[in-house]
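**Q** only geometry, no sequence info:
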């Protein structure tokens, strides 16, 4: 009886969550209709139809599954269609079909990430294939991306294969308690064998990013590795060592100093550039971004009324400023808060086991670092790096990868479906 009452309460709660999602989208669409800049009302009608219809379809699909929690799914639907509305309004209201397709692919990718990592025992066995996958991606980039570039152009589409390294690295960095029990001595270090492999592959990725001049992604990979090292040094019942933590911190500081010292000239210029003294050169994008945010104020100039759409990367690297200009700084901040809430679900619904907990930490590290680099770079608080803002920036590779990562986050708190029970092999010593 008590279990049935809990289920009924959960259904009621999810009903109100779904209602909130739909009402939020309706309010935003009404703002587009009343205050937006458009030539034809049909543009607003088409956008509204796609947003509301996709809400309903997503809810119907989710209703076919029985999970412990739908929190991640509903938040992702809310975020995805807010992103679609924002992207469809930049420079004038016009339904952005390409962004809709990539967001749909991101939702599918989310479920794929969940299925791939929901069984920690089986997922951990994929670690060797993750190493191989990173190697294959590097070879593909070297063969097809051109001279020291990360992008592969296929007709009118561009793909950044290095994005797919993020979930692979997280799976390499994820660790069960059992895998940390067997330790060997390597020179002066006594550690688990897969710890050495994790550090080496991380160093290879960072060196590869450096060689391909994609320095903006290096902090993301470094953050994932750093969090993984802390997890492996401080796992439950481990012999906690302050000296190890101090050595790790000192090593990180040393790496930053070396990176700054040997950074390419154009990177050093970004560290010390006065954007207002060079607002038509290296500081052009950041100057325009700051001006747009100032003009938008707290409530914005109106959907489609922004001028930042005339600046390169308005819908990717400086998308936070584009949203601030048209919708207001308040709306841009609220969107970021929604992503933070999405990440915080792992604190509300605790991971099933230590392995899934380390996955949740890795996913959170990726999103927090990328959001920080994008937002603070647009605001001129740190050097401009050119990384995307998850789910908001235009770009298929980024959105699909972000969706897969959120699926991994969902796997950390939702067991296998009840209607199609999958026998999960026991994780001896892996439960926390």
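**A** In hand now; what should we look at? From a predicted model like this one, the values you see are computed outputs, not experimental measurements.
**Q** ok, now which ones touch residue 170?
**A** With contacts taken as Cβ atoms under 8 Å, 6 or more residues apart in numbering, residue 170 has the following neighbours: 224, 359, 362-363, 366, 405, 408. From N, CA and C alone the C-beta is placed, and that goes for glycine too.
**Q** One more: residue 286?
**A** The neighbours of residue 286, taking Cβ under 8 Å, 6+ apart as the test, are 275, 318, 377-378, 380, 384.
**Q** Okay, and which of those residues map to helices?
**A** The members of the contacts of residue 286 that map onto helices under DSSP state H are 377-378.
**Q** between the contacts of residue 286, which is closest to residue 251?
**A** Looking at the contacts of residue 286 and their distance to residue 251, the nearest is residue 377, at 25.6 Å (Cβ to Cβ).
**Q** want to try TSV for the contacts of residue 170, with neighbour count as columns?
**A** Supplementary listing: the contacts of residue 170 in TSV, determined by neighbours: other Cβ atoms under 10 Å:
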residue	neighbour count
224	26
359	28
362	26
363	29
366	23
405	24
408	25
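**Q** For those residues, could you give me TSV that also reports distance to residue 212?
**A** What follows is those, written out as TSV (distance: Cβ to Cβ, whole Å):
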residue	distance to residue 212
224	18
359	27
362	22
363	24
366	19
405	22
408	25
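**Q** my guess is residue 287 meets residue 279, correct?
**A** Yes - Residue 287 sits in contact with residue 279 when judged by Cβ atoms under 8 Å, with a separation of 4.1 Å.
**Q** List just the nearest of the contacts of residue 286 to residue 60.
**A** Checking those one by one against residue 60 (Cβ to Cβ), the nearest turns out to be residue 318, at 36.2 Å.
**Q** quick one: that closest one and residue 389, what's the gap?
**A** Distance from residue 318 to residue 389, counting by Cβ to Cβ, to the nearest Å: 9 Å.
**Q** Compare the two (neighbour count), which wins?
**A** The neighbour comparison of residue 318 against residue 389 (other Cβ atoms under 10 Å) goes to residue 318, with 31 against 27.
**Q** Hmm, that one is touching residue 289, no?
**A** Yes - proximity of residue 318 to residue 289 meets the contact threshold set by Cβ under 8 Å, at 4.5 Å.
**Q** Could you say which of the contacts of residue 286 is surrounded by the most neighbours?
**A** In terms of neighbour count, residue 318 stands highest of the contacts of residue 286 at 31 neighbours, by other Cβ under 10 Å.
**Q** phi, psi of that residue?
**A** Main-chain dihedrals, residue 318, degrees, to the nearest 10: phi -120, psi 30.
**Q** residue contacts, residue 217?
**A** 162, 209, 387.
**Q** next one: the lengthiest helix in the chain to chain centre, how far?
**A** In the chain, taking DSSP H as the definition, the longest helix is helix 2-35. Using Cα atoms, centre = their mean, to the nearest Å, we find the averaged C-alpha position of helix 2-35 to lie 24 Å away from the chain's own average C-alpha position.
**Q** Which positions within that helix qualify as buried?
**A** 14, 17-18, 21-22, 24-25, 28-29, 31-33, 35 (16 or more other Cβ atoms under 10 Å).
**Q** pLDDT weak spots in the stretch 151-300 of the chain?
**A** Using pLDDT under 70 as the threshold, the predicted model of the stretch 151-300 of the chain has low-confidence ranges 177-181, 185-190, 235-245, 259-260, 262-273.
**Q** got the residue ranges for the strands in it?
**A** In the stretch 151-300 of the chain, the segments counted as strands under DSSP state E, counting those that start in this stretch are 152-154, 157-159, 184-186, 189-191.
**Q** related to what we said a few turns ago, what would the buried residues of helix 2-35 look like in JSON lines with pLDDT and distance to residue 323?
**A** JSON lines is the format used below for the buried residues of helix 2-35 (pLDDT from 0 to 100; distance: Cβ to Cβ, whole Å):
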{"residue": "14", "pLDDT": "80", "distance to residue 323": "28"}
{"residue": "17", "pLDDT": "89", "distance to residue 323": "24"}
{"residue": "18", "pLDDT": "92", "distance to residue 323": "25"}
{"residue": "21", "pLDDT": "95", "distance to residue 323": "19"}
{"residue": "22", "pLDDT": "96", "distance to residue 323": "21"}
{"residue": "24", "pLDDT": "97", "distance to residue 323": "15"}
{"residue": "25", "pLDDT": "97", "distance to residue 323": "16"}
{"residue": "28", "pLDDT": "97", "distance to residue 323": "12"}
{"residue": "29", "pLDDT": "97", "distance to residue 323": "16"}
{"residue": "31", "pLDDT": "96", "distance to residue 323": "13"}
{"residue": "32", "pLDDT": "96", "distance to residue 323": "13"}
{"residue": "33", "pLDDT": "96", "distance to residue 323": "18"}
{"residue": "35", "pLDDT": "93", "distance to residue 323": "15"}
